[in-house]
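Visitor: Below is the structure, and that's it, no one-letter string:
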């Protein structure tokens, strides 16, 4: 069974903390994505990566960075967490071909207090 | 700008009733089209996809969708809704500038009355 695994389902962090959200996929996919999901705003792309050490900004990269040192792992970093980063974060992966589906992790609900 | 529109933010149907969720897209060529479902507190799961050929596509959980080029639509349907279909539904198309990315509709939240 294919899997995208996010390290935490729920996280509570304090304002100003550095936060790491980890995502691992076991499908040897080239593409990996981090989305943020907020009520009424749908899925917004933060960053994506199409190869190891490669990354591209999505629609809302401000306040975030990413790291992809290995093909199977894609990390989202909040350098200094703020309350407006309280959200559901979804990781996804897909193969290089456009006509293949994206597989999603279960999501991490992050609360910044 | 390229876009995906899901006109209905929230829909409520009775169990056993039929369902149609709307999706309209703007795209220059015939697009690839996807419908995903998100159950409460979960990630997204692919329901079905269209690439070419037959414009009526069958998916999982008894869902189907019809691609209509003339209307730039890809509406999702189910003949008889079950209580377990209550979820958020998202339509998506690849971004023309970089087809590794998807452009998403804002989603339609489906509630099912017993």
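Guide: On my side now, so go ahead. Because the structure is predicted, anything quoted here is derived from the model rather than measured.

Visitor: Which strand residues bridge residue 25?
Guide: Picking chain A for this. Listed beta-bridge partners, residue A:25: residue A:4 (assigned using DSSP bridges).

Visitor: switch to chain B, that's the one I care about
Guide: residue B:4.

Visitor: longest strand in chain B, by residue count?
Guide: strand B:87-95 (DSSP state E).

Visitor: what do you get for chain A?
Guide: For chain A, the strand with the greatest residue count under DSSP E is strand A:42-51.

Visitor: Go ahead and name everything in contact with that strand.
Guide: A:30-38, A:55-61, A:64-66, A:68, A:71, A:74, A:76, A:89-90, A:96, B:44, B:90, B:100-101, B:104-107 (Cβ atoms under 8 Å, 6 or more residues apart in numbering or on different chains). No exception for glycine: its C-beta is placed from N, CA and C like everyone else's.

Visitor: try 6 Å
Guide: A:30-37, A:55-56, A:58-61, A:64, A:66, A:68, A:74, B:100, B:104, B:106-107 (Cβ atoms under 6 Å, 6 or more residues apart in numbering or on different chains).

Visitor: What average pLDDT does it get?
Guide: The pLDDT scores in strand A:42-51 average 94.

Visitor: That strand: which residues count as buried?
Guide: A:42-43, A:45-50 (16 or more other Cβ atoms under 10 Å in any protein chain shown).

Visitor: Tell me which residue lies farthest from the centre of chain B.
Guide: Here the centre of chain B is the reference, and by Cα atoms, centre = their mean the most remote residue is residue B:114, at 23.1 Å.

Visitor: Quick one: residues contacting that residue.
Guide: residue B:15.
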